[in-house]
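K.L.:
give me the fold of what follows.
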Amino acid sequence: MLVELEDLEGTSIAPLDLRRMLDVLIVGGGPAGLSAALVLGRARRRVLVCDSGEPRNRLSRGVNGFLTRDGTVPHELRRLAREDLRKYPSVRLEDVRVADVECIGGHFEAVLDDGGKRVAARKLLLAPGVEPSLPPIEGVSALYGRGLFDCPYCDGWELRDEPVAVYGRGERVKRFALQLLGWTNDVVICSDGPSGLGEKDMTELRAFGIRIIEDRVMRLEDDGTLLRAISLAGGRRLPRRALFFVAEPPQPSPLVRKFGCEFDEQGSVRTGTCETTGIPGLYVAGDASRRIDFAIVAAAEGAMAAVSINRELLDEDLAELRRHIPEIWAGTAATAVLS
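P.N.:
Numbering: from 1, shown residues only. Okay, here's the model as predicted:
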């Protein structure tokens with residue numbers, strides 16, 4: 001960094017020379033990855049962001065709870081973030097999937113789904129996001145993000161005082177249903193079979209006005225845009241404007257699994273301070289990490305990871321300078337090198 005700053009200029013115009021070692025490879029172009037790239041770009045680090053173009057929130061009506069961007073549609077938020085990165089010449093963004101990545105001799109080498117092109121980087125930030133495990137109901141894929149939701153903080157406001165249902169069983173669905181009372185008092189649990197709740201739990205839910213329907217759920221009916229009703233076994237229809245579901249732990253990205261990271265019971269990587277993983281040089285941020293699944297939290301995690309990454313790189317750069325320029329310790333060359 002300190003001896004090659006002039007080499008960074010102009011790389012946003014000329015094609016990035018992938019034969020040279022990058023400072024950081026970022027896998028994932030969502031809020032976490034783009035936020036990290038912004039911080040690292042401002043630190044003049046050579047960064048490549050690889051984005052497969054399939055964000056988890058791509059079907060959402062809007063990114064809610066994001067300060068100054070509340071309700072912005074996901075693709076617009078990504079466009080604005082990419083626009084911010086254009087002013088930093090050391091940052092490149094490629095619309096390409098990373099097929100494989102491995103640690104070799106203290107650095108990381110990745111293979112891109114772009115003719116097998118290989119890139120090398122000193123540090124690796126994995127921010128691939130996760131794909132939700134949708135309920136096994138006919139019609140759910142078409143309604144995810146429009147009538148099917150998994151987060152009341154993200155979509156509860158738009159459904160305030162509307163009739164909603166919660167899909168799931170057991171203690172987790174009970175807690176979810178009670179939580180929704182903060183947004184609406186018309187809540188029904190659709191357990192799609194036995195609810196798994198004891199009589200005490202069911203009595204408590206009924207006391208709060210929450211009904212439990214154990215009929216089989218056949219499919220979701222929509223009006224072309226939003227949920228209209230839930231079709232139940234026996235021909236019954238339950239008019240609802242939204243179905244929330246208790247999400248099952250997502251499957252981690254193969255790139256995350258291959259490094260032997262530790263996972264929690266929710267399928268997220270157990271990360272430490274500033275999204276460290278315990279594996280030297282490897283960071284994980286965003287939905288694949290262990291915090292709340294908010295876009296603004298993912299962006300914060302990316303920024304924290306970037307600061308930690310830059311500190312590591314700076315320590316390594318300074319150690320290299322000390323090794324090659326012993327005159328620094330005599331005070332003869334410090335000004336010339338570091339100015």
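
K.L.:
how about low-confidence regions in the stretch 201-339 of the chain?
P.N.:
Along the stretch 201-339 of the chain, segments meeting pLDDT under 70 span 290-291, 326-339.

K.L.:
bridged to the closest residue to E94 other than its chain neighbours, which residues?
P.N.:
Leaving out its chain neighbours, the residue that sits closest to E94 by C-beta to C-beta, 6 or more residues apart in numbering is C50, at 5.4 Å. Using the backbone N, CA and C atoms, a C-beta is placed for each residue, glycine as well. Beta-bridge pairing for C50 (DSSP bridges): V27, E94.

K.L.:
isn't C50 right up against V24?
P.N.:
No: C50 lies out of contact with V24 (C-beta atoms under 8 Å); the separation is 11.4 Å.

K.L.:
quick one, which of these two is more surrounded?
P.N.:
For C50 versus V24, neighbours defined as other C-beta atoms under 10 Å are more numerous around V24 (28 against 24).

K.L.:
so that one is in which element?
P.N.:
Element membership for V24, per DSSP states H and E: strand 22-27.

K.L.:
skipping its backbone neighbours, what lies nearest C274 in space?
P.N.:
S308 (3.6 Å).

K.L.:
helix, strand or coil for the one you found?
P.N.:
helix (DSSP: H, G, I helix; E, B strand; the rest coil).

K.L.:
compute the number of surrounding residues for it.
P.N.:
The burial count for S308: 18, using other C-beta under 10 Å.

K.L.:
so what sits opposite V217 in the bridge?
P.N.:
In beta-bridge terms (that is, DSSP bridges), V217 pairs with L232.

K.L.:
distance check, H107 against P280.
P.N.:
Noted for H107: a distance of 10 Å to P280, by C-beta to C-beta, to the nearest Å.

K.L.:
likewise for L85?
P.N.:
From L85 across to P280, the span is 27 Å (C-beta to C-beta).

K.L.:
between these two, which one's more packed in?
P.N.:
L85 (18 against 10).

K.L.:
ok, G129 touching S289?
P.N.:
No: G129 is beyond contact range of S289, at 10.3 Å (criterion: C-beta under 8 Å).

K.L.:
overlap of the contact sets of these two?
P.N.:
A32 (C-beta atoms under 8 Å, 6 or more residues apart in numbering).

K.L.:
how about the contacts made by L313?
P.N.:
By C-beta under 8 Å, 6+ apart, the contact set of L313 is M1, D23, V24, R45, R122, K123.

K.L.:
now the second one, nearest residue through space, not along the chain?
P.N.:
Right, D23. R45 (4.1 Å).

K.L.:
quick check on the one you found: phi, psi?
P.N.:
Backbone geometry at R45, expressed as degrees, to the nearest 10, gives phi -90, psi 150.

K.L.:
over to the one 3 residues further on?
P.N.:
For L48, the backbone dihedrals are phi -120, psi 120 (criterion: degrees, to the nearest 10).

K.L.:
just the local confidence number for it, please.
P.N.:
What the model reports as pLDDT for L48 is 97.

K.L.:
could you give the number of residues near it?
P.N.:
24.

K.L.:
can you pull out the helices in the stretch 201-339 of the chain?
P.N.:
Secondary structure of the stretch 201-339 of the chain (DSSP state H, counting those that start in this stretch): helices at 254-257, 295-324, 334-338.

K.L.:
which stretch among those comes nearest W157?
P.N.:
Judged by C-beta to C-beta, the one of those that comes nearest to W157 is helix 295-324, at 15.1 Å.

K.L.:
buried residues, the closest one. List them.
P.N.:
295-306, 308-310, 312-313, 316-317, 321 (16 or more other C-beta atoms under 10 Å).

K.L.:
likewise for stretch 138-149?
P.N.:
Those buried within stretch 138-149 under the rule 16+ other C-beta under 10 Å are G139, V140, L143, Y144, G145, R146, G147, L148, F149.

K.L.:
got TSV for those residues, with pLDDT and secondary structure too?
P.N.:
Output for the buried residues of stretch 138-149, formatted as TSV (pLDDT from 0 to 100; DSSP: H, G, I helix; E, B strand; the rest coil):
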residue	pLDDT	secondary structure
G139	84	coil
V140	89	helix
L143	91	helix
Y144	90	strand
G145	88	coil
R146	89	coil
G147	93	coil
L148	94	strand
F149	94	strand
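
K.L.:
same list (those residues) but as JSON lines, adding distance to G170.
P.N.:
Converted to JSON lines, the buried residues of stretch 138-149 look like this (distance: C-beta to C-beta, whole Å):
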{"residue": "G139", "distance to G170": "24"}
{"residue": "V140", "distance to G170": "20"}
{"residue": "L143", "distance to G170": "24"}
{"residue": "Y144", "distance to G170": "22"}
{"residue": "G145", "distance to G170": "25"}
{"residue": "R146", "distance to G170": "27"}
{"residue": "G147", "distance to G170": "24"}
{"residue": "L148", "distance to G170": "20"}
{"residue": "F149", "distance to G170": "19"}
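
K.L.:
any idea which of these is closest to Q266?
P.N.:
Closest approach between the buried residues of stretch 138-149 and Q266, by C-beta to C-beta: F149, at 17.9 Å.

K.L.:
dig out what that closest one forms beta bridges with.
P.N.:
Beta-bridge partners for F149, by DSSP bridges, are F244.
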